[in-house]
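# Here is my input; please provide its structure:
(one chain, ligands or ions: 1)
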Amino acid sequence: MPGPVSTGQLFDALYKTRRRITVTEQRSPGRRVGEVKVLLTENIHPAAVENFERNGYDVELLTRSLSEDELVHSLPGVTLLGIRSNTKITAKALDAATDLVALGCFCIGTNQVDLGAAVARGIPVFNAPFSNTRSVVELVIGEIIALARRLPEKTNRMHDGLWDKSAKGSHEVRGRTLGIVGYGNIGTQLSNLAEALGLRVIYYDTADKLSHGNAQPMATLDDLLAEADVVSLHVDGRPGNAGLFGDEQFQKMKPRSLFINASRGMAVDDQALRAHIESGHIAGAAIDVFPIEPKAQGDSFESALRGLDNVILTPHVGGSTQEAQEEIGHFVSRKLATFHREGSTELAVNFPQVQPPPLRSGCRVSVLHHNVPGVLATLNQELAQQGDNVAGQYLSTQGDLGYVVTDAAKPLSPESLRQLNESEHTIWLRAYDA
Ligand SMILES: NC(=O)c1ccc[n+]([C@@H]2O[C@H](COP(=O)([O-])OP(=O)(O)OC[C@H]3O[C@@H](n4cnc5c(N)ncnc54)[C@H](O)[C@@H]3O)[C@@H](O)[C@H]2O)c1
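Take a look at the predicted model:
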C-alpha cells in the first residue's frame, strides 16, 4: 500500500495538469530541493552561488547578460532568475518564463525590469536597496576630508610637476558642521561616522526622522544651509527632487562651504554649481551622480563641472565596491530562497509584502489573489469546513492584488487545497511542507 501523500507530492502531481498550482518542498539546509533551477547572469557574485548551492538548488552562472531572444530560449525550466542591470526583462521574456517563480535584481535599481509585466504574471521582484549604503558613506567621508584639505588641487599640481607646499585653504574637519539633506539609510549612517570624526551633524528631511547620536534636525532646508560648512545630499529620486539645488540654494550656503552629491544627478543644477565654485562662494565639491550619465564603459563624459579646481568627479561609483557586490549576492539570494521556500515577500518591489515567520512545523499555503472583498473569509471558511485549523495567518494587499500566507499545525487536507486553488479569485497557490 502506498504511504500517505504529502502536500508536496500531491501538488507536484496536480501541477502537471493545472499550471496555477506550484509546489515547493521544505528542506533543511544541505538537502536537495529537487529539480529547482536557478539561472544567474552577468557574473553575479559567488556569494549568491554558494548560498543557493548550500540550500540544494541547481545553479547555472553566466558571465554575461542575455538578450530578449536568448532569455526566451533559456527561461523555460528556470524557477529563480538573477540578473544585474544589463539584462532587460520584458513582457515577452516573461511570457517564455513559464516556470519562473521569482526574479532577483542583484543591484540597487529595478529599471531594467518591466515590473508591471512581472506582477501581472504573479512574479515578485527583489533587489538590494541597502547593500551598498556603507560604501557610499565611506566615499563621502573620504571626500569631506579631501575637499577640506584641497587634495584634488594639490594632487593635480604634483602631477603637473609643481611643488606647492602651503596650508592656505586647508582645514581639519573636526568641529566643522556637516549638513545632511535626506536622512535615510545613507544619511543616517553618514551621520554616525561623521560624528565619530568629530564633526557636528545637522540634518534636514521632509519626513520625521529619529536623530542618531547628537545629530540635530533642522526645521527647514534654509536653516541647514545657513549653518553647514559641508552640505551633503542624500535624497531619493522622487520627481519633486528635480532641481532641488540651484542658484538660490547655493547662494544660501555659507561662504567657502563644500558641497557633495552622491544621491541623484537630477537634484542639482550643475551650471549653477559651477558658477558658485568659480566665484569662490563654494570652496569645493564632490559629485558622483549627473543629470545625464554615459551609458557604457569607455563612453565620453560631458559635464559643466569638468575642469574646476577642488572638484572631485567620480563616475557613479559611490556604491561600487567588492564588499557591496558580495553583500548584494548574499542579500538577494536570501530573498529569493526565502520566498521560494517559505513564501516571504518582504521587500519585494512590485508585490504585497508579507513576512511570515520561518516554517518549522506543520504546513503552509500561500495564495496570490485578486484584491476583492470576502476572499479571506471564503478561504477561512473552506479550511474550517474541511476541519483544517489555522495556526497563523499573514496578509497584505497592494493595488489589485492580495497575498495571504496561512500556516496550519497539520498538513492541509487535499480537498482544502483543491478548493482554494479553484476559487475564482486565486491567481496562484503554493503549498509548503515543513
Ligand atoms: N552614488 C551611488 O552610487 C549611490 C548608491 C546608493 C544609493 N544612492 C542614492 O542615494 C540616495 C539616498 O539613498 P538611501 O538609501 O539613503 O535612500 P532613502 O530612501 O533611505 O533616504 C532618502 C531620504 O531622503 C528624504 N528626502 C526625500 N526628498 C527630500 C527632500 N527634498 N528634502 C529632504 N529630505 C528628502 C526621504 O524622506 C528619505 O529619508 C538615493 O537617491 C539613492 O539612489 C547612490
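
# per-residue confidence averaged over the longest helix seen in the chain?
With secondary structure taken from DSSP state H, the chain has its longest helix at helix 322-342. Helix 322-342 shows a mean pLDDT of 96 in the predicted model.

# Quick one: name whatever helix or strand follows that helix.
strand 363-370 (DSSP states H and E).

# Averaged pLDDT, the helix or strand that that following strand is followed by. What do you get?
Per DSSP H and E, the first helix or strand lying C-terminal to strand 363-370 is helix 375-385. For helix 375-385, mean pLDDT is 91.

# tell me what helix 375-385 is packed against?
Packed against helix 375-385 by the contact rule (3 or more CB pairs under 8 Å, 6 or more residues apart in numbering; DSSP states H and E) you find strand 390-398, strand 401-408, helix 414-422. Placement of C-beta: from N, CA and C, glycine included.

# Return the residues of the stretch 251-400 of the chain in contact with the ligand.
262-264, 288-289, 316, 318-319 (CB under 6 Å from any ligand atom).

# And those residues, which is closest to Val375?
Using CB to CB, Arg264 comes nearest to Val375 of those, at 39.2 Å.

# where does the stretch 251-400 of the chain have low pLDDT?
Applying pLDDT under 70 to the stretch 251-400 of the chain flags no residue at all.

# In it, what residue lies closest to the ligand?
Gly318 (2.7 Å; CB to the nearest ligand atom).

# Run a quick neighbour tally on that residue.
Neighbour count of Gly318, defined by other CB atoms under 10 Å: 24.

# Wait, it touches Leu139, no?
Yes. Counting by CB atoms under 8 Å, Gly318 does reach Leu139; the two are 5.1 Å apart.

# any idea how far Gly179 is from Trp163?
Separation of Gly179 from Trp163 (CB to CB, to the nearest Å) stands at 35 Å.

# can you list residues touching both of Gly318 and Leu139?
Shared contacts of Gly318 and Leu139 (CB atoms under 8 Å, 6 or more residues apart in numbering): 262, 288.

# which residues touch the one residue in the stretch 151-300 of the chain that gets nearest to the ligand?
The ligand sits closest to Gly184 of the stretch 151-300 of the chain, with a gap of 1.8 Å, by CB to the nearest ligand atom. Shown in contact with Gly184 (CB under 8 Å, 6+ apart): 205, 234, 236.

# Repeat that for Phe130.
Contacts for Phe130 (CB under 8 Å, 6+ apart) come out as 185, 331.

# again with Ser413
Going by CB under 8 Å, 6+ apart, the list of residues near Ser413 reads 386-388.

# Reformat the residues you listed into TSV and put distance to Pro373 and neighbour count next to each item.
Shown next, in TSV, are these (distance: CB to CB, whole Å; neighbours: other CB atoms under 10 Å):
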residue	distance to Pro373	neighbour count
Gln386	23	15
Gly387	26	10
Asp388	23	22
